[in-house]
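>>> Okay, predicted coordinates and the sequence, questions at the end:
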Amino acid sequence: MGDFEALTRTTVETIWRIEAPRLIGGLVRFVRDVDRAEDLAQEALLVALERWPDTGIPENPGAWLMTTAKRRAIDDARRRRMMDGKHAEIERSSTRWATFDENALDDVVGDDVLRLMLTACHPVLAKEARVALTLKLVAGLSTAEIARACLTSESTIAQRIVRAKRTLSEAHVPFEVPTGIDLHNRVVPVLEAVYLVFNEGYAATAGDDWMRPALCDEAMRLGRLLVGLVPDEAEAHGLIALMELQASRTRARVGADGEPVLLFEQDRRKWDRLLITRGLAALDRASSLARPFGAYTLQAAIAACHARARTPDDTDWPRIVALYDGLAEVTGSPVVELNRAVAVSMAYGPAQALALVDELAEEPALRDYHLLPAVRADLLIKLDRRHEAKGELERAAALTENTRERALLLARAAACG
Amino acid sequence: MKVMVIVKATKNSEAGIMPGEKLLTDMGAFNEDLVKAGIMLAGDGLHPSVKGKRIRFASGKRTVIDGPFAETKELIAGYWIWQVRSMDEAVEWARRCPDPMPGEEAELELRPVFEAEDFGAEYTPELRARDEQLRAEVERQQKK
């Protein structure tokens, strides 16, 4: 009854979004083409928008949408058969549709969604294409929403998606779900895309459109979805732990005037305890599945050290240093080494850390990296070598491209006397 | 956004009558759907109010009151915390919930959880100053 009255465009679209990944995933299995599958799902949405206001929401809206899309595909195939007479092939595909067993649907739903995620993040695609396709096909966001969230134009995103779909079809990407190590290798780019989505949202600032911070929620949702589909992948648990632990600080990260608040100045009572509890539980699952830890699990474990500390002074810095040791080994990244040096300074004092930073200064990858002189300056100040610190801060200011940061660095340099 | 979904109590739930096997199965499947969709953050069922307590604050006095409590319809029997995109989405998921109290009239209530931006203007500099004072005090005590 209420359904008849309250049935608005928003309601129908909300339902469609909930069903979209399963719907598109299921259709991909049959039409073997991402673009076609998405079109069919969209067409089913249009039919629903037209019919549901009269009929009410069907008992099982997902199955209704699937049946509607399926009929469209059959009609289409018939039409095409009449037009170009490719008898044999169409004959085969209609038979496939005709024997389509709706009861069998439930068993493969998980596979369908996983296949869709793996396809959207296929290695043949560029990273930004994977992000756009995942948000479109799996999260069910519109092109306009993705554009707003990624701070770019709608036409850029639309083109990116069109090109990505073309690449997939030209590469004849098989839609099978691989197993074992092959599955693991294909999950890696999915994790990467999900974390890119999360960071895009996490980097949002106060004046931004609300769609940007909403990306953090979308990413956590995608991460949880993935964990359900590949529960044995330690790094999937590690990633969701990392995202939940980072997101737990959202409320404390921004001051009343929109200014960023650094970790040690944050009011820890504003941290979201529910997300911390969930993040720590996910970290436990990740830890129980893999030794040695992967990069996401290690980062989550570092975030957990902060989450567990009631005050900054309670932070277990020796443990953080040990975790950074592991992370440096896994990633081989000099930036990670620099972070490790900061942790060393907190755990064992600035002198020891300075020796590490001086070694890193030889690293070509860090030659123009402004945080290296900035970190070095912090350590020099702690060692009361202010004159040297001043020079380092000025060097950092010259290297950064961020005007606000440059102003801050120069002000600190001036304060060194 | 986060939404708290409250399952209202009924005569049977207050009488401690446990859900039948069918409801347990259906509810289990629904919870699994919520988890798979990535929206379930937390959820629990509650004992009847006979095991509950209330603290009443009135004219500066605190009184502990033992359950059970009257006005069954105002009581709650369980809750979820969901992470959803909108109230519309929460409503759509709630509509899919199996009837939580078969044979009785039941109700789910959906309430959005306060987010940081909801506090905005209420969080005045004075309140903040008090907060900071409190924090300093807590830290002082912890260092002891």
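Perfect, I can see it now.
>>> which stretches of the chain aren't confidently modelled?
Reading this off chain A. Chain A contains residues with pLDDT under 70 at A:1-7, A:84-110, A:205-209, A:258-259.
>>> Chain B, not that one
Residue ranges of chain B with pLDDT under 70: B:116-144.
>>> So for it, the centremost residue is which one?
Chain B has residue B:79 as the residue nearest its centroid, 4.7 Å off, counting by Cα atoms, centre = their mean.
>>> and it, what element?
Taking DSSP states H and E as the criterion, residue B:79 maps to strand B:76-83.
>>> list the buried ones in that strand?
Neighbour counts over strand B:76-83 (16 or more other Cβ atoms under 10 Å in any protein chain shown) mark B:77-83 as buried. Any C-beta I mention is one placed from the backbone N, CA and C, and that applies to glycine too.
>>> out of the residues you listed, which touch chain A?
Restricting the buried residues of strand B:76-83 to those touching chain A (Cβ under 8 Å from any Cβ of the partner chain) yields B:81, B:83.
>>> What parts of chain A come near chain B?
A:10-11, A:14-15, A:17-18, A:57, A:110, A:214, A:217, A:220-225, A:228, A:250-251, A:254, A:256, A:267, A:269-270, A:274-275, A:278, A:310-311, A:313.
>>> can you tell me the helix or strand for the residue of chain B found nearest chain A?
Here the residue of chain B nearest chain A is residue B:38; by Cβ to the nearest Cβ that distance is 3.4 Å. Here residue B:38 sits in a region with no helix or strand, counting by DSSP H and E.
>>> burial of it, as a residue count?
22 (other Cβ atoms under 10 Å in any protein chain shown).
>>> Tell me who's in contact with it.
Residue B:38 makes contacts with A:220-225, A:228, B:83, as judged by Cβ atoms under 8 Å, 6 or more residues apart in numbering or on different chains.
>>> Redo these as a markdown table? Include secondary structure and distance to residue A:144.
Putting the contacts of residue B:38 into a markdown table (DSSP: H, G, I helix; E, B strand; the rest coil; distance: Cβ to Cβ, whole Å) gives the following:
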| residue | secondary structure | distance to residue A:144 |
| --- | --- | --- |
| A:220 | helix | 22 |
| A:221 | helix | 19 |
| A:222 | helix | 19 |
| A:223 | helix | 24 |
| A:224 | helix | 25 |
| A:225 | helix | 23 |
| A:228 | helix | 29 |
| B:83 | strand | 23 |
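>>> now those residues: which count as buried?
For those, a burial check counting by 16+ other Cβ under 10 Å picks out A:220-225, A:228, B:83.
>>> Out of the residues of chain A next to chain B, which end up buried?
The neighbour count (16+ other Cβ under 10 Å) marks A:11, A:14-15, A:17-18, A:57, A:110, A:214, A:217, A:220-225, A:228, A:250-251, A:254, A:270, A:275, A:278 as buried among those.
>>> Which of the three states applies to residue A:218?
helix (DSSP: H, G, I helix; E, B strand; the rest coil).
>>> rewinding a little: show me what the strand holding residue B:79 is in contact with.
Strand B:76-83 is contacted by residues A:217, A:220-221, A:274, B:1-10, B:13-14, B:34, B:38-46, B:48, B:90, B:93, B:100-101, B:113 when judged by Cβ under 8 Å, 6+ apart.
>>> Only the buried residues of the following helix or strand past that strand, if you could.
Downstream of strand B:76-83, the first helix or strand assigned by DSSP H and E is helix B:87-95. Going by neighbour count (16+ other Cβ under 10 Å), the buried part of helix B:87-95 is B:87-94.
>>> Repeat that for stretch A:128-143.
For stretch A:128-143, by 16+ other Cβ under 10 Å, it's A:128-141, A:143.
>>> Kindly indicate which of the buried ones among the contacts of residue B:38 lies nearest residue A:387.
Each of the buried ones among the contacts of residue B:38 was scored against residue A:387 by Cβ to Cβ, and residue A:220 proved nearest at 46.9 Å.
>>> is it true that the closest one touches residue A:245?
No. Using Cβ atoms under 8 Å as the test, residue A:220 is too far from residue A:245 to be in contact (10.9 Å).
>>> so how far is stretch A:74-87 from its chain's centroid?
Centroid separation between stretch A:74-87 and its chain, computed with Cα atoms, centre = their mean, to the nearest Å, is 40 Å.
>>> can you pull the contacts of residue A:202?
A:216, A:246-247.
>>> How many neighbouring residues does residue B:29 have?
With other Cβ under 10 Å as criterion, residue B:29 counts 11.
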